[in-house]
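**Q** model this:
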Amino acid sequence: MDVFNLYAKLSLNTDDYEKGVEKAKGGASSLMDVFSGTLLGNVVSDGLRTVANGITEIGKTAANMAVSIGKASLDSYADCEQLVGGVETLYKDSAGIIKSYAKSAYKNVGMSANEYMKTSTSFAASLVSSLGGDTEKAAQMANTAISDMSDNANKMGTNISSIQDAYNGFAKQNYTMLDNLKIGYGGTQAEMKRLIKEAAAMKDTQKELGVTVDSTSMSYANIVQAIHVVQANMGIMGTTSKEAATTIQGSTASMKSAWENLLTGIADPEQDFQALVDNLVDSVITAGNNIIPRIKEIVPTLIDGLSELVTQLAPYVSGVIMELEPTIEDGLQALFGGLSSV
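**A** The predicted structure is shown next:
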């Protein structure tokens with residue numbers, strides 16, 4: 001089923017639903033006529049009319065919701081088509097690696113598949129070029145870069161777009177936004193050189209990660225590796241996936257991304273729709289498991305706090321009222337005295 005057939009099917013289903021609702025309303029109206037002219041008939045007919053009107057409103061709401069979801073699905077699928085085309089153009093035979101990472105990006109890096117592919121293409125040309133055209137290595141390193149971006153955003157509290165801008169700048173040999181990463185380096189070329197030199201000296205971390213940083217290279221790939229080593233050494237690596245499972249903010253971001261993936265899957269017959277549904281359900285359950293315990297702790301504390309607040313303020317409020325009472329009485333007497341003389 002292509003995207004246009006899907007939209008037509010959604011519209012047809014909506015029209016049929018509304019027609020069915022109107023038919024039900026008409027049947028109810030016919031039944032009203034049978035009872036007309038009697039007290040019981042009036043009561044029954046009024047009730048049926050209310051029910052019929054209610055069904056109609058529910059039908060319209062459901063129809064509007066279906067159309068809205070359908071439109072969002074079409075838009076998401078259209079974006080996906082373009083992004084897949086970009087991934088295939090830039091990563092060539094290794095595009096499948098990026099697509100595979102994109103599917104699990106909702107829980108690993110807190111991004112939808114579309115957002116992941118968009119990010120991976122933003123610096124792909126520089127990455128592939130710096131690796132001598134090795135697209136497989138570039139695809140793997142792109143995932144490293146995106147993971148580091150997401151981990152940094154979650155650990156340091158920086159907006160992910162600011163970090164993405166920094167990485168896109170590095171791809172153009174612009175280092176002014178290096179300080180966006182908040183890992184102890186300023187936004188200059190000299191500071192980037194210092195980062196690379198210090199990362200190259202972290203031999204144990206390099207060995208643990210299975211990477212090598214060249215202390216003299218300013219290539220984009222070497223910069224990505226150097227930042228990866230520095231962030232791993234600082235304990236930033238892996239923050240996103242951990243938070244997706246254990247924190248409210250992380251799990252809700254994962255849930256949002258899973259929902260966006262499902263929207264795309266509604267219009268894409270080639271995707272595993274059941275897997276997308278399962279991913280969303282799992283992310284909702286994870287988010288619920290993180291949120292519900294906090295609510296259970298907040299509510300009693302909030303009630304106790306309000307009770308204590310009222311208890312402590314009661315004597316003060318009572319005293320204020322007593323102090324104001326003569327003034328209020330004098331004011332009321334003056335008011336009514338003035339009204340009586342009119």
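
**Q** Can you tell me the element residue 213 falls in?
**A** Under the criterion DSSP states H and E, no helix or strand holds residue 213.

**Q** wait, it sits on residue 207?
**A** No - contact criterion CB atoms under 8 Å: residue 213 and residue 207 do not qualify, at 11.4 Å. Just so you know, the C-beta spots here come from the backbone N, C-alpha and C atoms, and that holds for glycine as well.

**Q** neighbour-wise, which of those two wins?
**A** Using other CB atoms under 10 Å as the criterion, residue 213 and residue 207 rank with residue 213 on top: 26 against 10.

**Q** Phi and psi next, for that one.
**A** phi -110, psi 130 (degrees, to the nearest 10).

**Q** list the contacts for it?
**A** 196, 199, 200, 202, 206, 222, 225, 226, 229 (CB atoms under 8 Å, 6 or more residues apart in numbering).

**Q** Report the separation between the residue lying closest to residue 177 once chain neighbours are set aside and residue 135.
**A** Excluding the flanking residues, the one nearest residue 177 by CB to CB, 6 or more residues apart in numbering is residue 166, at 3.9 Å. Residue 166 sits at a distance of 24 Å from residue 135 (criterion: CB to CB, to the nearest Å).

**Q** can you check residue 73 too?
**A** In terms of CB to CB, residue 73 sits 31 Å off from residue 135.

**Q** and residue 123, what does it touch?
**A** When contacts are taken as CB under 8 Å, 6+ apart, residue 123 is in contact with 142, 145, 167, 168, 170, 171, 220.

**Q** which one of those residues sits closest to residue 279?
**A** Among the contacts of residue 123, residue 142 lies closest to residue 279 (CB to CB), at 21.8 Å.

**Q** who touches the residue nearest the centre of the chain in this structure?
**A** Nearest to the mean C-alpha position of the chain, by CA atoms, centre = their mean, lies residue 256 at 3.7 Å. Residues counted as contacts of residue 256 (CB under 8 Å, 6+ apart) are residue 112.
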